[in-house]
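Asks: I'd like to go over a predicted model; first the sequence, then the structure.
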Amino acid sequence: MTTKLKTDDTKTAIQNVVKSRKERGASTENLKTYLLLLQTDTWRNNNDVKQFIDLLLAELTYPWVTEGLEKYGEETTLQLIRSQKEHEKEQENNDCECCGKGNKGAIVDWGDKRPFICHFGIWEDGYCSTCGKHMDA
């Protein structure tokens, strides 16, 4: 119980520092650097805190994380983040913001409370309108 309280206090403290830095105008890259340092150095042996930092990092990267946390909770949102990271890995050689790893996706939920990340693109006759790559390539 004591360890859980300390972990919760730690999460709250990290969240408050990030919020304060945002309010003072810290850049997204500055916040990511701070969080990565905490995750890989200070809290590298605490999986709960590391997972929480993953959520904060994702919130800075993907616009849909806040919505996911509010509607579906931490566990489901972490699954959505993993899905997005798989997409980025599959598209690692495609830097296009529309059809490649730059596409951050959006949450789609057909009302069955099983959301997924959909990667919308703007296609013309099967070709990406941004980079010209064929969608089956």
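Replies: Nice, thanks for sending it over.

Asks: The lengthiest helix in the chain - what's its average pLDDT?
Replies: Determined from DSSP state H, the single longest helix within the chain is helix 65-90. For helix 65-90, the mean pLDDT works out to 91.

Asks: Could you identify the helix or strand that succeeds that helix?
Replies: strand 106-108 (DSSP states H and E).

Asks: What helices and strands are in contact with the longest helix of the chain?
Replies: Other helices and strands packing on helix 65-90, by 3 or more CB pairs under 8 Å, 6 or more residues apart in numbering; DSSP states H and E, are helix 47-61, strand 106-108, strand 116-118. Glycine gets a C-beta too; all of them are placed from N, C-alpha and C.

Asks: which of the ones you listed sits most buried?
Replies: helix 47-61 (a mean of 17; mean count of other CB atoms under 10 Å).

Asks: pLDDT (mean, whole number) over that one?
Replies: 91.

Asks: Turn the helices and strands packed on helix 65-90 into CSV, including distance to C98.
Replies: Below are those laid out as CSV (distance: least, CB to CB, whole Å):
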stretch, distance to C98
helix 47-61, 17
strand 106-108, 13
strand 116-118, 14
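
Asks: and of those, who's closest to N30?
Replies: Closest approach to N30 among the helices and strands packed on helix 65-90 is made by helix 47-61 (10.2 Å; CB to CB).

Asks: Give me the most central residue, the protein.
Replies: The centre of the chain sits closest to A58, judged by CA atoms, centre = their mean, with a distance of 2.5 Å.
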